[in-house]
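K.L.:
sequence first, predicted coordinates after that:
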Amino acid sequence: KILASVEKAREQSAESVLSVGSAEINDLSFNRRYIMADGRVKTNPGVLNPAALYPEGPIDPELGIIIVKNSSGHPTGGFINFSNHTDTKGGQDFSADFPAYLSRALKAHFGETFVPIYGQGPCGNLNHVDIRTRDRLTSEQIGEGLAKGVLGELEGLKDLQGYQLKTKSEIVYAPLQHFTPEELEWANQTNPENLYDENDFFRRRRPMKIRSLDRMRKNEAIPPTVPSGEWKIPLEIQVFQIHKDLAIVGLPGEVFVELGLAIKEASPYKHTMVLELTNSHIAYVPTREAFSRGGYETINSRLAPGGGE
């Protein structure tokens, strides 16, 4: 069936033009890690919390846009890249979240045969909650806001010519966090006591993280060459060049926005779209600085400080 789908796609393929560009959207994503009045960092400190002084880091406001047009110039599909957690609906229902509303809005504009693809940018420390207001963005508002950004930029998109498709993949051996045999024994208990004097949420997360690290050691990690060394996990980094001005980067894990911004800043391409959660899910990929401050994402991360860099 997979082969048949590839053959069908090839049979239906046609000459197309890619148009690329970006828009800036500053009101649909927010850094969720806050510096508190006591100097600590807290994730999701609560709406209108007076002790939450300012966000620890930035957002990435860039909305990356690729529109595919047929020979007559009509848009037939698109690739949309933005940094925000696709976890905005809430509750326990399965949901396609805000990309579904983005898709619906684009199809309403271009026609039901339009094929939109959403690529999630690095957003390990971002979400949709602006704690400075009681109003919480809905999935529909975010999706329709992104669609508005796409449609508003159509006239500014640049048609590409002379495509140069290239791909490259590299394995990075990232250091894993350490745990002791005693900690593993503790984590494997049915109801482990509060070993670290943490709140109930962290008390559930930390044993889960340790068990996950143990599975990584057994199944995929590389043992240290010296007793004092670090276990490392092989992770695939991918780059797709579509044009001399356009590249797409694939990173594993829930990557902090600062790391995605650093890639964009250092990129030789005019347009660089960075995706997270590609190929493998390794939980959070914080910055080294974030590890020094602690917080939920660092406790739940499997990587040691410096792994993201």
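P.N.:
In hand now; what should we look at? Numbering: from 1, shown residues only.

K.L.:
mind listing what's buried in the helix or strand of the chain with the lowest mean pLDDT?
P.N.:
Lowest by mean pLDDT, DSSP states H and E among the helices and strands of the chain is helix 200-219, with a mean of 90. Within helix 200-219, the residues that qualify as buried are 202, 203, 205, 206, 207, 209, 210, 212, 213, 214, 216, 217, counting by 16 or more other C-beta atoms under 10 Å. C-betas here are computed from N, CA, C, even on glycine.

K.L.:
so after that helix, what's the next helix or strand?
P.N.:
strand 232-243 (DSSP states H and E).

K.L.:
C-alpha coordinates for that following strand, CSV please?
P.N.:
This file holds the C-alpha atoms of strand 232-243, laid out as CSV (Å, rounded to 0.1, in the frame of the first residue of the first chain):
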residue,chain,number,x,y,z
LYS,A,232,25.4,9.1,25.2
ILE,A,233,22.5,8.7,22.9
PRO,A,234,22.8,8.8,19.1
LEU,A,235,20.4,11.3,17.6
GLU,A,236,19.8,12.1,14.0
ILE,A,237,20.0,15.7,12.7
GLN,A,238,18.6,16.3,9.2
VAL,A,239,18.8,19.1,6.7
PHE,A,240,16.9,19.4,3.4
GLN,A,241,18.0,22.1,1.0
ILE,A,242,15.3,22.8,-1.5
HIS,A,243,16.8,25.9,-3.1
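
K.L.:
which strands and helices sit next to it?
P.N.:
Helices and strands touching strand 232-243, by 3 or more C-beta pairs under 8 Å, 6 or more residues apart in numbering; DSSP states H and E, are strand 17-24, strand 166-175, strand 246-250.

K.L.:
the residue lying closest to residue 85 once chain neighbours are set aside - how many residues pack around it?
P.N.:
Distance criterion C-beta to C-beta, 6 or more residues apart in numbering; nearest residue to residue 85, sequence neighbours excluded, is residue 127 at 4.9 Å. Applying other C-beta atoms under 10 Å, we find 18 residues neighbouring residue 127.

K.L.:
touching, residue 127 and residue 84? I think so.
P.N.:
Yes - the pair residue 127 / residue 84 is scored as a contact, 7.0 Å apart, by C-beta atoms under 8 Å.

K.L.:
in the stretch 1-150 of the chain, which spans are strands?
P.N.:
For the stretch 1-150 of the chain, the strands defined by DSSP state E, counting those that start in this stretch occupy 17-24, 30-31, 33-36, 41-43, 52-55, 62-69, 75-82, 115-120, 126-127.

K.L.:
if I pick residue 110, what's in contact with it?
P.N.:
Contacts for residue 110 (C-beta atoms under 8 Å, 6 or more residues apart in numbering) come out as 74, 75, 76.

K.L.:
now with 6 Å?
P.N.:
With contacts defined as C-beta atoms under 6 Å, 6 or more residues apart in numbering, residue 110 is in contact with residue 75.

K.L.:
now it: how far from residue 74?
P.N.:
8 Å (C-beta to C-beta, to the nearest Å).

K.L.:
now swap in residue 49 and tell me
P.N.:
Using C-beta to C-beta, we find residue 49 at a distance of 49 Å from residue 74.

K.L.:
so the two - more neighbours on which side?
P.N.:
The residue with more neighbours, out of residue 49 and residue 74, is residue 49; 15 against 12, by other C-beta under 10 Å.

K.L.:
is it correct that residue 186 falls within a helix?
P.N.:
Yes - counting by DSSP: H, G, I helix; E, B strand; the rest coil, one finds residue 186 located in a helix.

K.L.:
surely it is in contact with residue 193?
P.N.:
No - counting by C-beta atoms under 6 Å, residue 186 stays clear of residue 193, with 7.9 Å between them.

K.L.:
just to revisit the earlier point, as a markdown table, the strands of the stretch 1-150 of the chain with mean pLDDT would be great.
P.N.:
Shown next, in a markdown table, are those (pLDDT from 0 to 100):
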| stretch | mean pLDDT |
| --- | --- |
| strand 17-24 | 98 |
| strand 30-31 | 98 |
| strand 33-36 | 97 |
| strand 41-43 | 95 |
| strand 52-55 | 97 |
| strand 62-69 | 98 |
| strand 75-82 | 97 |
| strand 115-120 | 97 |
| strand 126-127 | 97 |
